[in-house]
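Novice: Got a predicted structure plus its sequence, pasted below:
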Amino acid sequence: MKSPSLPHLVALMTAFGSAFLLIGCGDHSAEKPLIVGTEAQFAPFASKNAKGQIVGFDIDLINAIGEVIDHDVKIRDMAFTGIIPSLQSGQIDAAIAGLSVTEERKKSVVFSDPYFEAGLSILVPASNTTIQSAADLKGKTVAVQQGATGAKVASDLKEEGRLGSVKYFPSATLMMMELGKGGVDAVIHDTSNSNTYMKLDPGKVKALPEPLASEYYAIAFNPKSTELQAAVNQALKELSSDGTIERLKDKYFHDEEHDPGDLFSEYLSHMVAVLPNLLHGAFYTIGTAGVSEIMAIGLGLALALGRLFGNGPLRFVVIAYVDVIRGTPLLVQILFIYFGLPGLINGITGHPANINPFVAGIIAFSLNGAAYLSEIFRAGINSVDKGQWEAARALGFSRPGTFFTVILPQAFRQSLPPMGNDFITLVKDTSLLSVIAVSEITMEGQNYIARTYAAFPTYIAIAFTYLILTFSLSRFFVWLEKRFKIP
Ligand code: ARG
């Protein structure tokens, strides 16, 4: 069989890539549903079930509200710290995320009437006897969720010298795991979500009997959305008087004990159970990495040409670009494109600037990858013997003709091994997208852990999934190198 030529491969990958982008952007073309942000690691209010659907008290409630106000509801999962900024920039219309009403938040968003009476608890390891109330936290280390009211309470206590130090975690799941493994002395967190963890992993941690604070959960909106706020308040009244809200409480706050069974078979069954989620995540991981790599190759080649053959100012621009991209963390670039840019556009135009997290990821990876690839291509092009230019010119080739038919193919072959390295790094770096809640492999795994508390088997399964991907890729690059070897 004849092996496919490079142009064929590129065409194939581009086709796959564009199909992916279309899927990624598809949900924007639908007629305007209500986009509601949540963080799906906060059971029983919002978490992902075994099928990867977001379920919970908050989700049922907002869907019921949608029915009353006759609006389609679209749930968007995001990092907890992203919720308020996303409301402000108009990326979402409302947020329901076990969000407590606070004076501080009222400066940036408006709230509906409260729909749930909540509170904060102090959690300690079950064996702990020294911490019996908030007064015993002096000198202790406490874990909290970044941006949550528990974090505010902890930092206030610390300021007053009534607490040793505070560790901030992006999700409640990670914070609970830290407590479980003894990395902190206590956790300050919402009572209801904490209860879910205690039920999943009984006998490990306990909540102190005295609640730390009482709070109310409400739905948040952009300050300009007063009409929506009023409609939702009206719907909440109806759902309360017709008993819907009570029924939801019965549904989500009943007791159900979990029986652990033997450790090995429990781990094994988790690794099997998480697999469908990881495969779903792999689809996004491969899609993001594939599309980004193709765009990065194009842009990287252009940058390399600019650096090698451009005039002074162009060379300067390219060098500056590579320095800036290489000199700043990829995570910061992702956050900048997802949160920073839409915020700026919103600030200037006054219109919400929405960017799909998946598209934001592709942009970040393409821009980032291009900088690294441009250096790889530059080295590849420089490695081709200068004599070849003269030889080709002597045979009557034009300068561009020489470059594209003689120099570039050889440079490409030289660049293949470092390109393989770069691509494999890219595949692994897509895990950073979990911070903006793209459902890639790591995110899917974290969601599973949030539901089951099964950290060890899930991380093994996550690592294994990446390993299969990167191993296949490195085989593919070996094949490519052979394919393009000088006979
Ligand atoms: N009620 C707390 C707050 O408003 C914590 C909410 C955490 N929610 C979540 N989806 N993780 O800050």
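Specialist: Received it, and whenever you're ready, just let me know what you need.
Novice: tell me how far the helix or strand hosting Lys206 is from the chain's mean position?
Specialist: Secondary structure assignment for Lys206, by DSSP states H and E: strand 205-207. Relative to its chain's centre, strand 205-207 lies at 29 Å (Cα atoms, centre = their mean, to the nearest Å).
Novice: so what secondary structure elements neighbour that strand?
Specialist: For strand 205-207, the packing partners by 3 or more Cβ pairs under 8 Å, 6 or more residues apart in numbering; DSSP states H and E come out as strand 116-125, helix 172-180, helix 191-200. All C-beta atoms are positioned from the backbone trio N, CA, C, and that covers glycine.
Novice: so where do the helices sit in the stretch 351-487 of the chain?
Specialist: 357-382, 387-394, 399-402, 408-429, 441-452, 455-483 (DSSP state H, counting those that start in this stretch).
Novice: Show me what the next helix or strand after the strand holding Lys206 is packed against.
Specialist: Counting by DSSP H and E, the element after strand 205-207 in chain order, helix or strand, is strand 213-217. If contacts are counted by 3+ Cβ pairs under 8 Å, 6+ apart, strand 213-217 sits against strand 116-125, helix 149-159.
Novice: got these as a markdown table, with mean pLDDT and distance to Gly37 columns?
Specialist: Formatted as a markdown table, these follow (pLDDT from 0 to 100; distance: least, Cβ to Cβ, whole Å):
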| stretch | mean pLDDT | distance to Gly37 |
| --- | --- | --- |
| strand 116-125 | 95 | 17 |
| helix 149-159 | 96 | 17 |
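Novice: returning to what we had before: so what strands line up beside the strand holding Lys206?
Specialist: If you go by DSSP bridges, strand 205-207 pairs up with strand 116-125 (antiparallel).
Novice: For the partner strand, which outside residues touch it?
Specialist: With contacts defined as Cβ atoms under 8 Å, 6 or more residues apart in numbering, strand 116-125 is touched by 57, 98, 100, 131, 133-134, 137, 149-150, 153, 176, 179-180, 182, 185-192, 194, 198, 204-208, 211-217.
Novice: What's the local residue count around Gln41?
Specialist: The number of residues packed near Gln41 is 26, by other Cβ atoms under 10 Å.
Novice: So it sits against Glu444, correct?
Specialist: No. Gln41 is not in contact with Glu444 according to Cβ atoms under 8 Å; the separation is 12.0 Å.
Novice: Following element in sequence after the helix or strand containing Ala230, please.
Specialist: Per DSSP H and E: Ala230 is located in helix 226-241. With elements assigned by DSSP H and E, the helix or strand that comes after helix 226-241 is helix 244-252.
Novice: quick one: contacts of that following helix?
Specialist: Contacts of helix 244-252 (Cβ under 8 Å, 6+ apart): 44-45, 56-57, 60-61, 64, 115, 236, 239.
Novice: same for the ligand: which of those are within range?
Specialist: Restricting the contacts of helix 244-252 to those within reach of the ligand (Cβ under 6 Å from any ligand atom) leaves nothing.
Novice: I'd like these laid out as CSV, including pLDDT, neighbour count and distance to Arg315.
Specialist: Listed next are these as CSV, based on pLDDT from 0 to 100; neighbours: other Cβ atoms under 10 Å; distance: Cβ to Cβ, whole Å:
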residue, pLDDT, neighbour count, distance to Arg315
Pro44, 94, 21, 58
Phe45, 97, 27, 54
Gly56, 95, 24, 55
Phe57, 97, 24, 58
Asp60, 96, 18, 59
Leu61, 97, 23, 58
Ala64, 96, 19, 61
Tyr115, 97, 21, 60
Leu236, 97, 22, 61
Leu239, 95, 20, 64
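Novice: Out of those residues, which is nearest to the ligand?
Specialist: Minimum distance to the ligand across these is 6.6 Å, recorded for Phe45 (Cβ to the nearest ligand atom).
Novice: Contact partners for the closest one?
Specialist: Counting by Cβ under 8 Å, 6+ apart, Phe45 touches 56-59, 96-98, 192-193, 217, 252.
Novice: would a markdown table of the residues you listed with distance to Ser434 be doable?
Specialist: Below are those laid out as a markdown table (distance: Cβ to Cβ, whole Å):
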| residue | distance to Ser434 |
| --- | --- |
| Gly56 | 20 |
| Phe57 | 24 |
| Asp58 | 21 |
| Ile59 | 20 |
| Ile96 | 21 |
| Ala97 | 17 |
| Gly98 | 20 |
| Ser192 | 24 |
| Asn193 | 19 |
| Tyr217 | 25 |
| Tyr252 | 26 |
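Novice: Please tell me how far Val232 sits from Leu299.
Specialist: In this view, Val232 and Leu299 are 44 Å apart by Cβ to Cβ, to the nearest Å.
Novice: Looking at these two, which has the bigger crowd around it?
Specialist: Neighbour tally, Val232 and Leu299, criterion other Cβ under 10 Å: the higher count belongs to Val232, 27 against 18.
Novice: And that one, what's its pLDDT?
Specialist: In this prediction, Val232 carries a pLDDT score of 97.
Novice: cool, His8 as well?
Specialist: His8 carries a pLDDT value of 54.
Novice: quick one: contacts for the residue nearest to Ala411 when sequence neighbours are not counted?
Specialist: Excluding the flanking residues, the one nearest Ala411 by Cβ to Cβ, 6 or more residues apart in numbering is Gly380, at 3.8 Å. By Cβ under 8 Å, 6+ apart, the contact set of Gly380 is 411-415.
Novice: Gly52 in helix, strand or coil?
Specialist: Three-state assignment for Gly52 (DSSP: H, G, I helix; E, B strand; the rest coil): coil.
Novice: if we can go back for a sec, wait, which of the helices and strands packed on strand 213-217 is closest to the ligand?
Specialist: Between the ligand and the helices and strands packed on strand 213-217, the tightest spacing by Cβ to the nearest ligand atom is seen for helix 149-159, at 3.8 Å.
Novice: so, in contact with the ligand or not, the closest one?
Specialist: Yes. Applying Cβ under 6 Å from any ligand atom, one finds helix 149-159 touching the ligand at Thr149.
Novice: for that helix, packing partners?
Specialist: The contact analysis (3+ Cβ pairs under 8 Å, 6+ apart) places helix 149-159 against strand 116-125, strand 141-145, strand 165-169, strand 186-190, strand 213-217.
Novice: Write out the residues of the stretch 101-250 of the chain neighbouring the ligand.
Specialist: For the stretch 101-250 of the chain, the residues in contact with the ligand (Cβ under 6 Å from any ligand atom) are 145, 148-149, 172, 190.
Novice: what's the most distant pair in these?
Specialist: Maximum pairwise distance among these (Cβ to Cβ): 12.2 Å, between Thr149 and Ala172.
Novice: quick one: least confident helix or strand in this structure?
Specialist: Sorted by mean pLDDT, DSSP states H and E, the helices and strands of the chain end with helix 6-25, the least confident at a mean of 44.
Novice: Tell me how far the following helix or strand past that helix lies from the chain's centre.
Specialist: Following helix 6-25 in sequence order, the next helix or strand is strand 34-38 (DSSP H and E). A distance of 16 Å separates the centroid of the chain from that of strand 34-38, by Cα atoms, centre = their mean.
Novice: what do you get for stretch 239-248?
Specialist: A distance of 34 Å separates the centroid of the chain from that of stretch 239-248, by Cα atoms, centre = their mean.
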